[in-house]
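A.B. asks: next comes the sequence, and after it the predicted model I'd like to discuss.
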Amino acid sequence: MTITDPILADLGYVLETNREVDLLHFYKSFPIICKARLLGLEGGKVQVSTQPPGSVCLARERTTTILSNRLLEAVKAEIVSFDIKTGIANLADFEYVGSRLGERMVARVEPRTAYEVRLEKEGLTLRGKLADISISGLGVFIQSPNVKKGELFTAHMALPEGEVTLQAKVLEVSPTPEFFRLAMKFTMNVLDIGVVMRYIRHRRAEIFSEVQDLYNQALSEASE
């Protein structure tokens, strides 16, 4: 018996009970939910009917994550095919996601503009670019690798909603092709967090609008 067997059994139950599921994707770090309904299960593949505009994510990615209270936990699936005109997708190669999903579900957004972030600590100043931000922390791209996990910094940045100064702790330092990315967690809840919340709310609305535009464009191209 492979791990696919119990997952298919659970998906079969979802199909029999005609339950709606959520297909989870991330666009510019923000979670996008696409409502879907299972249409059939055969040969280890599941066919689903999806709803726009979030369904456009299936045309842009190779995998999706199925969420349902009828499943033991979140399930990752390969997108075998997707027709944006009908909204029909075929999924296969299922596996449980496990606990890896939880942290990504935080309302995190990538900025439209790469805002400058100034990190200060005991006379040391580092300048970087905002990679993403949530109400609990931020990601920063920097050139210098001389930052260690656990270090505390004061982060300064100017968002459209106002100036922000927050204490943050380095959780992880990861190399990228061009920069080093710092994953940082805010260490105290201060008034400036309100500025961050307003920015996230505004950016979230922009991202939803972008997803709608992407769907409209993809549908138009498919209909030509």
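C.D. replies: Alright, I've got the coordinates. If you're wondering where the values come from, they're calculated on a predicted model, not measured in any experiment.
A.B. asks: can you measure across stretch 63-79, start residue to end residue?
C.D. replies: Stretch 63-79 stretches 5 Å from its first residue to its last (Cα to Cα, to the nearest Å).
A.B. asks: give the rounded mean pLDDT of that stretch.
C.D. replies: Across stretch 63-79, pLDDT averages out at 93.
A.B. asks: change the start of the numbering to 32 and stick with it
C.D. replies: New numbering, starting at 32: the last item is stretch 94-110.
A.B. asks: okay, buried residues for that stretch please.
C.D. replies: By neighbour count on 16 or more other Cβ atoms under 10 Å, the buried set for stretch 94-110 is T95, T96, I97, L98, S99, L102, A105, V106, K107, A108, I110. (Each C-beta comes from the backbone N, C-alpha and C, glycine too.)
A.B. asks: show residues contacting that stretch.
C.D. replies: 37-38, 41-42, 44-45, 48, 50, 52-56, 64-65, 77, 88-89, 92-93, 120-129, 132 (Cβ atoms under 8 Å, 6 or more residues apart in numbering).
A.B. asks: residues touching L70, list them.
C.D. replies: L70 neighbours (Cβ under 8 Å, 6+ apart): L46, Q78, V79, S80, I119.
A.B. asks: same thing but 10 Å
C.D. replies: L46, V77, Q78, V79, S80, I119, A120, N121 (Cβ atoms under 10 Å, 6 or more residues apart in numbering).
A.B. asks: and what of V204?
C.D. replies: Residues counted as contacts of V204 (Cβ under 10 Å, 6+ apart) are I173, P176, N177, V178, K179, K180, E182, F211, R212, L213, A214, M215.
A.B. asks: helices or strands next to the biggest helix by length in the chain in the packing?
C.D. replies: In the chain, taking DSSP state H as the definition, the longest helix is helix 224-254. Applying 3 or more Cβ pairs under 10 Å, 6 or more residues apart in numbering; DSSP states H and E, we find helix 224-254 packed against strand 51-58, strand 61-73, helix 87-91, strand 155-164, strand 183-190, strand 193-206.
A.B. asks: what helix or strand does P37 sit in?
C.D. replies: For P37, the host element (DSSP states H and E) is helix 35-47.
A.B. asks: quick one: mean pLDDT for that helix?
C.D. replies: Across helix 35-47, the average pLDDT comes to 87.
A.B. asks: can you tell me the centre-most residue of this protein?
C.D. replies: Central residue of the chain (Cα atoms, centre = their mean): F57, 3.1 Å from the mean position.
A.B. asks: is that one in a bridge, and if so with what?
C.D. replies: With DSSP bridges applied, the residues forming beta bridges to F57 are P62.
A.B. asks: and the gap between it and N100?
C.D. replies: Computed as Cβ to Cβ, to the nearest Å, the F57 to N100 distance reads 21 Å.
A.B. asks: coming back round to it: tabulate the buried residues of stretch 94-110 (CSV), appending secondary structure and distance to K160.
C.D. replies: Below are the buried residues of stretch 94-110 laid out as CSV (DSSP: H, G, I helix; E, B strand; the rest coil; distance: Cβ to Cβ, whole Å):
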residue, secondary structure, distance to K160
T95, strand, 30
T96, strand, 28
I97, strand, 34
L98, strand, 32
S99, coil, 38
L102, coil, 38
A105, coil, 31
V106, strand, 35
K107, strand, 30
A108, strand, 34
I110, strand, 32
